[in-house]
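**Q** Got a predicted structure here, sequence first:
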Amino acid sequence: MTRHAALVRAGIAAGLLSVCSSLALAQAAAPRPASARDRGIELAIGVGWTGSISFNSSNANLQAPDGSSLTLFQTSSEESSAAGLEAHLGFRVTRRLSAEVSGTWSKAEIRTSLSGDFEGAEPIAATVEMSRFTVEGSALWTVITHGRAQFFVRGGAGWLREVDDTSVLIEDGTIVNLGGGMKYWWRDQPRGALRKLGARVEARAAIRSGGISLDERSPRVAPAIAGGVIIGF
Amino acid sequence: MTRRALFVTLAFILVAAPALDAYLKLGVQLGSRVIVLRWPTMPVRYFITDRDVPGVTAPQLQTAVAAAFATWGAVPTAQVSAQFIGFVSADPVNADGATVIGFMAQPDLDRVLGATTHAVDSTTGVIVESDIFLNSAFDWSVAATGQASRFDVQSIATHEIGHLFGLGHSALGETQLISDGGRRVLGKDAVMFPIAFPAGNIADRTLKPDDSVGMSDIYPANNFLQQSGSISGRVTLNGAGLFGAHVTAFNPATGALVGSFALDPQGDFSIDGLPPALYVVRVEPLDDGDIESYFQPDTEVNLNFQPTYFAKLVAVPSGGTGPAIEIRVQPK
């Protein structure tokens, strides 16, 4: 058992060395046009960040005899920026156009500040954490290729699910992403196990409808950025 | 079958443990059980006392009462209805097996605009009769936009009909003690708040979320129970349960407030019938120590604690409840 574990560790170490060597070699390699073996499939895996949004403030109001509002307490709420993971699987349709399927997971905090209590309750911020999952289909258009770099625009739409940290409240919605970015290929070879390897970054507007919300405004727009490695098959 | 009149709205029992699915519902103690008061069938058939008072004839009273019934009947998630049978000479508050609504002079009740009584089947707990009197010692009006110095029949009837169907008082309001020992409403968010707006005001013709949720909880319709959820937990002071604490849930997305009470010695509470969402939860002592509008007069309720928010937003699912929460309060 111990010998088997040592062999496995040795195998993993050798594999990592091999990948590192390939990466080092790739630094010197020139980008190549798509070869006959290029199936036009790309897998990008990375991290993402979505900016915060503010919800409309909302007061807990009672109705006064004259029809005006008597405020029991005031609230103002926001959703924090969200960080998470994302993956994109792309299929080339034409030389410039690709179809992508994307999935993301991220975590954010919703925070409601409570103040101005009519009976003097201490102001506090009530919070809850939530997870967001999205599945999306999109079209990616390569605008220009410059050396190792490919600049693209991307537009897509899909489904989102947001779940609070007690897994009690599950709200579905839709998401639309519009943006653009760059792929930078470190390695682009006609053959080999890791034929194409690079980095991908993008910036986009994430337009969400539905999901967990503390106001009835829709859609909600937040900036988002993402980056990671991309592998071509 | 024995029948006995058990309740007037001025002194009623809120549903207590073990039936903690209770909202602000009236209840009856049968042996060791507490049964939520409700009508077994709809429509509720009612009579109107054929008695005019200054400013309001009996037919005008009937029209206003029908409008008040229709207001409750329009709650989309509740199944309640009523049918006017005819005018009778009988006074309301008369254990005759008939539901009668009418004016009655009660000058000794100088702060009571109206009251509702129930006759309950003592073996099943279902309502067999409920009477409403409006106190003709006050001045009344059925004017469409209200009339200064006169109380609006439809507004007060809407409150009393809430009792007739089985709702108790809501504590969603703020009052101020005034020189004659009474209270003045500063603001409220429920028709079922025990203190009326001043004469001339017609705001209580319109239900608030707290009212609609309460009625829907007793007479659910259109998958109300499957599509709404609950917040449950306990209120504690120095580790001990706090009976009678008023707990409210506020939905920042809609602005709706819904309230309930900690209804057992452990401080357990449940706020039912909430649409799925995130809620702010706040607990406070009963306003101005107005215990008798909610509990039996001899009930001990601790009012000596600070209003407090729960530090998390509470998620409410469809057709269920999330993890129980504990709201710890501090003494004043």
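**A** Perfect, I can see it now.

**Q** And the residue of chain B that's closest to chain A?
**A** Using Cβ to the nearest Cβ, the single residue of chain B nearest to chain A is residue B:187, 3.1 Å away. The way it works is simple: take the backbone N, C-alpha and C, and place the C-beta from them, glycine included.

**Q** Please save the CA atoms from whatever helix or strand that residue lives in in PDB.
**A** Per DSSP states H and E, residue B:187 falls inside strand B:183-188. C-alpha atoms of strand B:183-188 as PDB (Å, rounded to 0.1, in the frame of the first residue of the first chain):
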ATOM      1  CA  ARG B 183     -54.700  55.800  23.100                       C
ATOM      2  CA  ARG B 184     -54.200  57.700  19.900                       C
ATOM      3  CA  VAL B 185     -53.000  55.900  16.800                       C
ATOM      4  CA  LEU B 186     -49.800  57.300  15.500                       C
ATOM      5  CA  GLY B 187     -49.600  54.700  12.700                       C
ATOM      6  CA  LYS B 188     -50.600  51.200  11.900                       C
END
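
**Q** That one - contacts with which helices or strands?
**A** Packing partners of strand B:183-188 (3 or more Cβ pairs under 8 Å, 6 or more residues apart in numbering or on different chains; DSSP states H and E): strand A:58-63, strand A:69-79, strand B:173-177.

**Q** List just the one of those strands that sits closest to residue A:46.
**A** Closest approach to residue A:46 among the helices and strands packed on strand B:183-188 (Cβ to Cβ): strand A:69-79, 22.0 Å.

**Q** ok, back up a step: if I take the strand holding residue B:187 and strand A:69-79, what angle do their directions form?
**A** Strand B:183-188 and strand A:69-79 are oriented at 30 degrees to each other (axes from the mean of the first three to the mean of the last three Cα atoms, to 10 degrees).

**Q** Just want the angle from strand B:183-188 to strand A:58-63.
**A** Going by the same axes, to 10 degrees, strand B:183-188 makes 150 degrees with strand A:58-63.

**Q** Quick one: name whatever helix or strand follows the longest strand belonging to chain A.
**A** In chain A, assigned by DSSP state E, the strand with the most residues is strand A:124-146. Using DSSP H and E, the helix or strand that follows strand A:124-146 in sequence is strand A:149-164.

**Q** Quick check: buried residues in that following strand?
**A** Residues A:150, A:152, A:154, A:156, A:158, A:160-164 are the ones in strand A:149-164 that count as buried (16 or more other Cβ atoms under 10 Å in any protein chain shown).

**Q** The helix or strand hosting residue B:271 and chain A, any residue contact?
**A** Using DSSP H and E, residue B:271 sits in strand B:268-274. No. Applying Cβ under 8 Å from any Cβ of the partner chain, one finds strand B:268-274 separated from chain A by no less than 11.0 Å.

**Q** ok, and for that strand, which residues are buried?
**A** Across strand B:268-274, burial judged by 16+ other Cβ under 10 Å covers B:268-274.

**Q** Helices of chain A, start to end?
**A** Listed in chain order, the helices of chain A (DSSP state H) span A:2-28.

**Q** coming back round to it: could you give the separation of the strand holding residue B:187 from the chain centroid?
**A** Relative to its chain's centre, strand B:183-188 lies at 16 Å (Cα atoms, centre = their mean, to the nearest Å).

**Q** Just want the angle from the very next helix or strand once past that strand to strand B:268-274.
**A** Heading C-terminal from strand B:183-188, the first helix or strand you meet, by DSSP H and E, is helix B:209-218. Orientation check (the same axes, to 10 degrees): helix B:209-218 against strand B:268-274 gives 90 degrees.

**Q** could I get the strand holding residue B:271 in PDB with only the CA atoms?
**A** Extracted C-alpha coordinates of strand B:268-274, given in PDB (Å, rounded to 0.1, in the frame of the first residue of the first chain):
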ATOM      1  CA  ASP B 268     -41.400  30.100  20.500                       C
ATOM      2  CA  PHE B 269     -42.900  31.900  17.600                       C
ATOM      3  CA  SER B 270     -43.900  31.200  14.100                       C
ATOM      4  CA  ILE B 271     -44.800  33.700  11.400                       C
ATOM      5  CA  ASP B 272     -46.700  31.900   8.700                       C
ATOM      6  CA  GLY B 273     -48.000  32.600   5.200                       C
ATOM      7  CA  LEU B 274     -45.000  34.600   4.000                       C
END
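
**Q** by contact count, what packs against it?
**A** helix B:209-218, strand B:229-237, strand B:246-251, strand B:256-261.

**Q** To residue A:80, which of the ones you listed lies closest?
**A** The nearest among the helices and strands packed on strand B:268-274, by Cβ to Cβ, is strand B:246-251 at 20.6 Å.

**Q** is any part of that closest one close to chain A?
**A** Yes. Applying Cβ under 8 Å from any Cβ, one finds strand B:246-251 touching chain A at B:248, B:250.

**Q** What average pLDDT does that strand get?
**A** Mean pLDDT, strand B:246-251: 96.

**Q** can you list the domains in chain A?
**A** If you go by automatic domain parsing, the domain ranges for chain A are A:1-30, A:31-232.

**Q** just to revisit the earlier point, among the helices and strands packed on strand B:183-188, single out whichever gets nearest to residue B:255.
**A** Checking the helices and strands packed on strand B:183-188 against residue B:255 by Cβ to Cβ gives strand A:58-63 as the closest, at 5.7 Å.

**Q** Which pLDDT does the model give the residue of chain B closest to chain A?
**A** So residue B:187 comes in at 95 (pLDDT).

**Q** Neighbours of it, how many?
**A** When neighbours are counted by other Cβ atoms under 10 Å in any protein chain shown, residue B:187 registers 22.

**Q** what do you get for residue B:107?
**A** Residue B:107: 9 neighbours (other Cβ under 10 Å).

**Q** Next, find the distance separating it from residue B:200.
**A** Per Cβ to Cβ, to the nearest Å, residue B:107 is found 21 Å from residue B:200.

**Q** Also residue B:242?
**A** 38 Å.

**Q** same question, residue A:145
**A** If you measure residue A:145 against residue B:200 using Cβ to Cβ, the figure is 77 Å.

**Q** same thing with residue B:330?
**A** From residue B:330 over to residue B:200 (counting by Cβ to Cβ), the distance is 41 Å.

**Q** before we move on, what about residue B:141?
**A** 8 Å.

**Q** quick one, what contacts the most centrally placed residue in chain A?
**A** In chain A, the centroid-proximal residue (Cα atoms, centre = their mean) is residue A:48; its distance is 4.2 Å. Residue A:48 makes contacts with A:83-86, A:104, A:106, A:224-227, as judged by Cβ atoms under 8 Å, 6 or more residues apart in numbering or on different chains.

**Q** Filter those residues down to the buried ones.
**A** Those of the contacts of residue A:48 that meet the buried threshold are A:84, A:86, A:104, A:106, A:224, A:226-227, by 16+ other Cβ under 10 Å.

**Q** Residue 94 - how many residues pack around it?
**A** I went with chain A, as the question did not name one. A count of nearby residues for residue A:94, using other Cβ under 10 Å, gives 9.

**Q** not quite, I wanted chain B
**A** When neighbours are counted by other Cβ under 10 Å, residue B:94 registers 19.

**Q** which one of residue B:330 and residue B:200 has more residues nearby?
**A** A direct count of neighbours by other Cβ under 10 Å for residue B:330 and residue B:200 places residue B:200 higher, at 16 against 10.

**Q** That one reaches residue B:143, doesn't it?
**A** No. If you go by Cβ atoms under 8 Å, residue B:200 and residue B:143 don't touch, sitting 9.2 Å apart.

**Q** Give me the neighbour count for the residue nearest to residue B:321 when sequence neighbours are not counted.
**A** Beyond its immediate neighbours in the sequence, the residue positioned closest to residue B:321 (Cβ to Cβ, 6 or more residues apart in numbering or on different chains) is residue B:230, lying 4.0 Å away. Per other Cβ under 10 Å, the neighbour tally for residue B:230 reads 23.
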